[in-house]
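>>> What follows is a protein structure lacking sequence information:
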């Protein structure tokens with residue numbers, strides 16, 4: 001039985017080398033991983049936008065003012081959207097759970113509008129943009145704590 005162990009190791013090594021060669025060939029001939037952008041998706045894909053650009057910006061409590069971090073993300077979004085003009089986008093405004101439903105719908109609408117105006121100021125055609133406020137109706141985090149509230153105070157750019 002001891003003599004079979006080196007043979008199994010050799011077979012595993014050969015299988016691993018074969019797998020590496022197959023993956024390398026796929027990358028060269030345009031059918032596999034070689035065509036993926038830095039974000040894990042093909043250049044100009046929704047996946048690339050999500051991973052490399054970022055689809056959301058966050059706001060302070062009871063505010064629709066853009067932070068410096070939000071502006072940096074929106075600058076990247078605008079550059080991507082100006083490069084890939086075939087996409088339309090939906091701008092979703094969101095709020096945390098505090099406040100009335102009506103107040104949070106209005107706050108989410110202000111947040112979405114601020115983002116739309118910023119993107120348009122950076123050259124994105126307004127005809128490509130729709131906006132909608134969800135207020136506090138679609139939280140991404142649920143708890144009674146600042147860690148959840150801060151994740152829910154956001155505007156999300158959905159590439160369509």
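Here it is on my side, so go on. These numbers were taken from a predicted model, which means no experiment stands behind them.
>>> separation between the residue nearest to residue 128 when sequence neighbours are not counted and residue 129?
Take residue 128 and drop its neighbours on the chain: the residue closest to it by C-beta to C-beta, 6 or more residues apart in numbering is residue 88, 4.9 Å away. The C-beta positions use only the backbone N, C-alpha and C, and glycine is treated the same way. Separation of residue 88 from residue 129 (C-beta to C-beta, to the nearest Å): 7 Å.
>>> Give me the more crowded residue out of these two.
residue 129 (19 against 14; other C-beta atoms under 10 Å).
>>> dump the residue contacts of the closest residue to residue 78 other than its chain neighbours.
Spatially, and ignoring its direct neighbours in sequence, residue 78 is nearest to residue 122 (3.5 Å; C-beta to C-beta, 6+ apart). Counting by C-beta atoms under 8 Å, 6 or more residues apart in numbering, residue 122 touches 74-75, 78-79, 82.
>>> which stretches of the chain form helices?
4-29, 46-48, 68-83, 101-121, 146-152 (DSSP state H).
>>> least reliable of those helices going by mean pLDDT?
Among the helices of the chain, helix 4-29 has the lowest mean pLDDT, at a mean of 53.
>>> Just the pLDDT at the closest residue to residue 92 other than its chain neighbours, thanks.
Closest residue in space to residue 92, ignoring its immediate chain neighbours: residue 156 at 4.4 Å, by C-beta to C-beta, 6+ apart. On pLDDT, residue 156 comes in at 98.
>>> so what's residue 156 up against?
55-56, 91-92, 94.
>>> switch the cut-off to 6 Å
55-56, 92 (C-beta atoms under 6 Å, 6 or more residues apart in numbering).
>>> Over to residue 108?
Contacts of residue 108 by C-beta under 6 Å, 6+ apart are 93-95, 133-135.
>>> Of those, which is the most crowded?
residue 95 (31 neighbours).
>>> Now do it against residue 107, distance only.
In terms of C-beta to C-beta, residue 95 sits 5 Å off from residue 107.
>>> go on, residue 132?
For residue 132, the distance to residue 107 - C-beta to C-beta - is 13 Å.
>>> That'll do, ta.
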